[in-house]
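[1] Quick one: sequence and predicted model below, then my questions.
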Amino acid sequence: MNGHPNCFLCRHSLPEWSGAIATHAGIVHFKKGQRIFQEGEPATGFYFLHEGKVKVHKQWGEEKELIIKFAKEGDVLGHRGMGPQQLNPVTATALEAGSACFITAGFFRTTLAVNNELTYQMMLLYAQELQVAEHSMRNMVHMDVKGRIADALLKIRDFFGTEMLLTKQDMASYAGTTYETLFKVLNELVQEQVITVNGKKIQIKKEKKLKDCIRYS
């Protein structure tokens with residue numbers, strides 16, 4: 001396997017380690033809607049996304065899900081399960097067809113011992129995700145639902161681009177609210193001429209006004 005330009009593992013490993021990666025890594029292809037790994041199942045290794053977009057989510061109550069983050073080419077999946085229990089605390093589901101480089105947890109530990117830059121980049125990744133988690137927790141506690149939806153719309157736009165072709169249910173799950181509440185708030189924002197909605201397409205027309213909705217109590 002040759003190094004892929006979007007592969008986090010290949011980018012941050014020593015050139016001399018490419019042969020070991022080629023020997024131990026495998027390419028995984030997934031279809032739209034496919035579960036890459038499941039919450040509660042044993043964590044078997046790491047996925048380094050080459051192509052495609054993925055949602056990372058977990059159960060929130062009996063029949064709801066909370067989307068923790070979105071991932072795309074160049075991102076890492078599976079690292080959240082590398083704790084003492086070796087269980088996946090989240091589920092990863094493909095939003096579109098894509099591919100990833102997969103390595104086992106054992107080979108990854110060996111790779112970290114040899115590649116200082118990769119170890120440093122993984123430390124930064126964990127630190128960044130901790131900061132995002134703390135920010136999201138603050139939003140859930142101190143921000144009203146309209147503010148959370150406004151914040152989610154801006155983040156989704158930054159990740160997916162101006163088209164924002166994401167289901168309303170996924171938007172609600174990302175904002176930590178229900179589909180019905182999302183629908184109501186989107187209609188309010190349309191009436192205020194802050195956004196336009198055409199099927200799955202949502203366009204932000206007045207970004208400053210949308211940002212003004214993001215307030216903490």
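    Perfect, I can see it now.
[2] what about the longest helix in this protein?
    Identified as the longest helix of the chain according to DSSP state H is helix 116-142.
[3] how about that one: buried residues?
    Neighbour-count burial for helix 116-142 flags 118, 121, 122, 129, 136, 139 (criterion: 16 or more other C-beta atoms under 10 Å). Every C-beta, even on glycine, is put in place using the N, C-alpha and C of the backbone.
[4] which residues touch the fifth one?
    The reference is to residue 136. Residues near residue 136 by C-beta atoms under 8 Å, 6 or more residues apart in numbering: 68, 176.
[5] now swap in the third one and tell me
    Taking C-beta under 8 Å, 6+ apart as the criterion, residue 122 is in contact with 76, 79, 112.
[6] Then the last one?
    With contact set as C-beta under 8 Å, 6+ apart, residue 139 has these partners: 147, 148, 151, 176.
[7] Find the residue at the geometric middle of the protein.
    Centroid-nearest residue in the chain, with C-alpha atoms, centre = their mean: residue 70, separated by 2.2 Å.
[8] how about that one, what does it touch?
    So residue 70 contacts 53, 54, 55, 56, 95, 156, 159, 160, 174 (C-beta under 8 Å, 6+ apart).
[9] Just checking: what are the partner strands of the helix or strand harbouring it?
    Here residue 70 sits within strand 65-71, counting by DSSP states H and E. Looking at strand 65-71 with DSSP bridges, its partner strands are strand 54-59 (antiparallel).
[10] Could you list the domains of the chain?
    Here the domain assignment for the chain is 8-139, 144-213, based on the TED database.
[11] Need the mean per-residue confidence for the helix or strand residue 150 falls within.
    Element membership for residue 150 (DSSP H and E) is helix 145-160. For helix 145-160, the mean pLDDT works out to 94.
[12] And the contacts of the following helix or strand past it?
    Heading C-terminal from helix 145-160, the first helix or strand you meet, by DSSP H and E, is helix 168-175. Contact partners of helix 168-175, identified using C-beta under 8 Å, 6+ apart, comprise 55, 57, 60, 64-67, 70, 95, 145, 148-149, 151-153, 155-156, 178-179, 181-183, 186, 200.
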